[in-house]
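Enquirer: Make a model of this:
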Amino acid sequence: MKAGTRIFDISNRPMGTMEDTPGFSMDTRDPNNLNLHLQVLWDDIIAEPEGIQSGDCTWRTSYKCFYGTKHCCYRVLSFILGPLLACCLGCQFACLAFQHIWCNTPCLRQCKINCNFVRAVNRVCMQATLAPCFDVCGMMFQRIRVRHGPLPSEDPKEEDLFVV
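Expert: A predicted model of the protein is given here:
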């Protein structure tokens with residue numbers, strides 16, 4: 001599509017131009033640098049060390065053949081398969097969004113609700129069974145005092161239950 005081409009929705013109402021569409025740019029086609037690893041230059045593929053080099057004509061012709069073939073093949077493949085794959089990817093991401101919106105998120109919410117119930121039941125059971133035991137242990141150990149230093153030579157007081 002050339003710049004300024006108007007696009008229409010299903011009911012044939014004008015929606016604006018392609019340039020008004022979020023995420024569409026004719027200038028910056030990889031704004032998030034998703035494909036930096038695909039920037040393949042001639043120097044990244046072919047290199048001749050000093051002492052063994054082909055003729056200048058061979059080097060120039062090979063260079064032109066590499067870039068010409070790469071660009072031509074990419075353009076033919078993207079022209080033939082690009083729209084089809086874009087359609088498939090659109091359907092795939094629509095299915096992914098549908099799955100998350102209508103399946104995964106409600107399932108996760110249901111799991112959170114059930115886990116909240118299980119947590120409340122566990123809390124009641126723990127308070128009924130273990131809390132009294134811990135209260136007794138706390139009362140039993142509250143009288144323990146730890147002193148740093150040598151033991152006194154006199155007898156410990158009656159209130160000191162344990163002397164360490």
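
Enquirer: Give me the distance between residue 77 and residue 107.
Expert: 40 Å (CB to CB, to the nearest Å). Every C-beta, even on glycine, is put in place using the N, C-alpha and C of the backbone.

Enquirer: Sorry, slip of the keys, the one I care about is residue 123.
Expert: 25 Å.

Enquirer: And residue 31, by the same measure?
Expert: 34 Å.

Enquirer: can you check residue 86 too?
Expert: Residue 86 is 30 Å from residue 107, where distance means CB to CB.

Enquirer: And residue 68, by the same measure?
Expert: Relative to residue 107, and taking CB to CB, residue 68 is found at 53 Å.

Enquirer: in the protein, which spans are helices?
Expert: In the chain, the helices defined using DSSP state H lie at 42-45, 56-99, 105-141.

Enquirer: quick one: the last one to chain centroid distance?
Expert: Averaging C-alpha positions (CA atoms, centre = their mean, to the nearest Å) puts helix 105-141 33 Å from its chain's average.

Enquirer: How about the shortest one?
Expert: In this view, helix 42-45 has its centroid 32 Å away from the chain centroid, taken as CA atoms, centre = their mean.

Enquirer: Which neighbouring elements make contact with that helix?
Expert: For helix 42-45, the elements it packs on are helix 56-99, judged by 3 or more CB pairs under 8 Å, 6 or more residues apart in numbering; DSSP states H and E.

Enquirer: One more: the second one?
Expert: The helices and strands touching helix 56-99, judged by 3+ CB pairs under 8 Å, 6+ apart, are helix 42-45.

Enquirer: so for the helix it packs on, what's the average pLDDT?
Expert: Per-residue pLDDT over helix 42-45 has a mean of 82.
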